[in-house]
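1. Below is the structure, and that's it, no one-letter string:
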């Protein structure tokens, strides 16, 4: 049980709360309501296994850097509380489950699987050569609602699939925006270790301004999504709540005061994700 607890701590399993709802958003909009239970089950399996694969691999790939960073030096793989062999087993098991779930969801999800794997396995390395890594991470997460859309519609390249592409843009901007905030904590470490990030390259104040722009873009994308999908008033209530939470998130993080970054990063984003999911669900079931 202790190893399981340490493993879940390593991959931050509880943070699935702000990853899964956006994937379900793609599922709900594609189905224009609740999908079949078969689709719901395999989409959930796909999302959880994909995240477990990516997070386990991330901890292994970044192990040398985590050991030198005071913020991450207490992680189970760094302290030796969890053996790397356990993380490697998790990588291969979760990858196998992810491949199986893509196959179970239909021919198009299975054909697009290699593209998803390129980003899930590759984004960990981007911080070594480009400060655009925040946006590549966002794009990788944005593939989740797009994948859920494909799983339901088995389609991605027609005019009717525009909401899926819009969700990709929305999640890319959302994740990039709050990753910019989170990366502000590691400016000195990133500069010391030669890692690339926008805060390390251009300064914390510039990074926070860009984060604000990303989240303004995210809200505009959600407005466009609401009009394109003709969503009712519960969705717009959720969007107003989401906007207020974003304003709050940016109000508690300052260039000279990063003490509340974790509140902004984990708590507020969890509320945003849940607010959008439930408001969209109510909207679609209300019809």
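-> Thanks, I have the structure now. Because the structure is predicted, anything quoted here is derived from the model rather than measured.

2. ranges for the helices of the stretch 51-200 of the chain?
-> Secondary structure of the stretch 51-200 of the chain by DSSP state H, counting those that start in this stretch: the helices cover 63-68, 76-79, 84-104, 107-122, 133-153, 162-183, 187-193, 198-202.

3. where are the low-confidence patches of the stretch 151-287 of the chain?
-> Residues of the stretch 151-287 of the chain that meet the criterion pLDDT under 70 lie in 264-265.

4. just to revisit the earlier point, the helices of the stretch 51-200 of the chain: which one's closest to residue 249?
-> Between residue 249 and those, the shortest gap by CB to CB is with helix 162-183, which sits at 7.4 Å. C-beta here means a position set from N, CA and C on the backbone, and glycine is covered the same way.

5. tally of neighbours for residue 79?
-> 11 (other CB atoms under 10 Å).

6. Also residue 158?
-> Using other CB under 10 Å, residue 158 has 8 other residues around it.

7. do the one 5 residues further on as well
-> In terms of burial, residue 163 registers 21 neighbours under the definition other CB under 10 Å.

8. sorry, back to before: I'd like the helices of the stretch 51-200 of the chain as TSV, with distance to residue 21 appended.
-> As requested, those are exported to TSV (distance: least, CB to CB, whole Å):
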stretch	distance to residue 21
helix 63-68	28
helix 76-79	27
helix 84-104	18
helix 107-122	19
helix 133-153	9
helix 162-183	11
helix 187-193	30
helix 198-202	26
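
9. Would you mind saying which of these lies nearest residue 225?
-> Proximity of these to residue 225 was assessed by CB to CB; the nearest stretch is helix 162-183, lying at 5.2 Å.

10. I figured residue 196 hits residue 190, correct?
-> Yes. Under the criterion of CB atoms under 8 Å, residue 196 makes contact with residue 190 at 7.4 Å.

11. Which one's more surrounded, those two?
-> Set side by side, residue 196 and residue 190 show unequal neighbour counts under other CB under 10 Å, the larger going to residue 190 at 20 against 17.

12. for the more buried one, what are its contacts?
-> Shown in contact with residue 190 (CB atoms under 8 Å, 6 or more residues apart in numbering): 127, 183, 196, 197, 199, 200.

13. Count the residues that sit near the closest residue in space to residue 166 that isn't next to it in sequence.
-> With CB to CB, 6 or more residues apart in numbering as the measure, residue 225 is the residue that lies nearest to residue 166, at 5.2 Å, once sequence neighbours are left out. Neighbouring residues of residue 225 were enumerated by other CB under 10 Å; the total is 22.

14. That concludes my questions; thank you for your assistance.
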